[in-house]
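Student: coordinates only, sequence not included:
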């Protein structure tokens, strides 16, 4: 009777360990609140002279007075310290990063002289937690006020921890621009599985050791 109770308790504990392992691996490869249905939860607003606002389940990045290469910045995976306390783990089955972007408005900025030949531009920056040589920035060449879907190849970051950042460069072009960002998520292929975090391996090993111990008592 005692043996049966020990065995049942071990099975329950093992199931708990396995569920924690799989949930950790799954969470590590998911961009949280990528549809902004929870406002700016899980995102960090690191804007300077510009602003980031949430409206109708999407975010609006807007340039502000004068000009600034990091006027409006929205980040997930880092808080601006580059310590990467909550990085996004890119699983081995990740294929692309998808994001919907559109132009919201273009307004005259009287604080700018209009000397630049460049216009306000939205970038996607990817910062690697372990190696700055993997850092990259991509211009998002959105043109109209109808949302366009842009896909970014993630093959260089498979198995790596990153932060993703939307950064609006405010140029001295005499205008302020606003861009909407929505539906930020990874697309996947079916050729491999996500890479579990180190603590996930520890939990799995603990579960196997527990099962072995339980069998000895059974």
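Tutor: Perfect, I can see it now. Quick caveat: nothing in here was measured; it's all calculated off a predicted structure. Numbers count the residues shown, from 1 in each chain.

Student: Low-confidence stretches in this protein?
Tutor: 1-29, 191-218 (pLDDT under 70).

Student: Show me the helices in it, by range?
Tutor: 2-28, 198-217 (DSSP state H).

Student: Show me how the protein divides into domains.
Tutor: 1-29+194-218, 33-192 (automatic domain parsing).

Student: taking those domains together, which one is wrapped up most tightly?
Tutor: Stretch with highest mean neighbour count among the domains of the chain: domain 33-192 (a mean of 17; mean count of other Cβ atoms under 10 Å). Heads up, the C-betas are built off the backbone N, CA and C, glycines and all.

Student: What is the neighbour count of residue 30?
Tutor: 14 (other Cβ atoms under 10 Å).

Student: For the residue lying closest to it once chain neighbours are set aside, give me its contacts.
Tutor: Of all residues not flanking residue 30 in the chain, residue 186 sits nearest, at 7.5 Å (Cβ to Cβ, 6 or more residues apart in numbering). Going by Cβ atoms under 8 Å, 6 or more residues apart in numbering, residue 186 touches 29-31, 90-91, 94-98, 154.

Student: Throw those into JSON lines and include distance to residue 117, thanks.
Tutor: Shown next, in JSON lines, are the contacts of residue 186 (distance: Cβ to Cβ, whole Å):
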{"residue": "29", "distance to residue 117": "40"}
{"residue": "30", "distance to residue 117": "40"}
{"residue": "31", "distance to residue 117": "34"}
{"residue": "90", "distance to residue 117": "36"}
{"residue": "91", "distance to residue 117": "41"}
{"residue": "94", "distance to residue 117": "37"}
{"residue": "95", "distance to residue 117": "36"}
{"residue": "96", "distance to residue 117": "32"}
{"residue": "97", "distance to residue 117": "30"}
{"residue": "98", "distance to residue 117": "31"}
{"residue": "154", "distance to residue 117": "32"}
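
Student: In space, what's closest to residue 184 - neighbours in sequence excluded?
Tutor: Closest to residue 184 by Cβ to Cβ, 6+ apart is residue 34, at 3.9 Å.

Student: mind listing what that neighbour touches?
Tutor: 183-185.

Student: okay if I get those residues as TSV plus distance to residue 38?
Tutor: Shown next, in TSV, are these (distance: Cβ to Cβ, whole Å):
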residue	distance to residue 38
183	14
184	13
185	14
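
Student: Among those, which are located in strands?
Tutor: 183-185 (DSSP state E).

Student: of all these, which comes closest to residue 105?
Tutor: When these are compared for distance to residue 105 (Cβ to Cβ), residue 183 wins out at 20.3 Å.

Student: how near is the closest residue to residue 124 other than its chain neighbours to residue 72?
Tutor: Counting by Cβ to Cβ, 6+ apart, residue 138 is the residue found nearest to residue 124 once chain neighbours are left out, at 4.8 Å. The gap separating residue 138 from residue 72 is 17 Å, by Cβ to Cβ, to the nearest Å.

Student: Roughly how far does the residue nearest to residue 120 when sequence neighbours are not counted sit from residue 50?
Tutor: Take residue 120 and drop its neighbours on the chain: the residue closest to it by Cβ to Cβ, 6+ apart is residue 177, 3.9 Å away. Here residue 177 is placed at a distance of 10 Å from residue 50 (Cβ to Cβ).

Student: re the thing from before, so which of the contacts of residue 34 is the closest to residue 64?
Tutor: Closest to residue 64, out of all of these and judged by Cβ to Cβ, is residue 184, at 22.9 Å.
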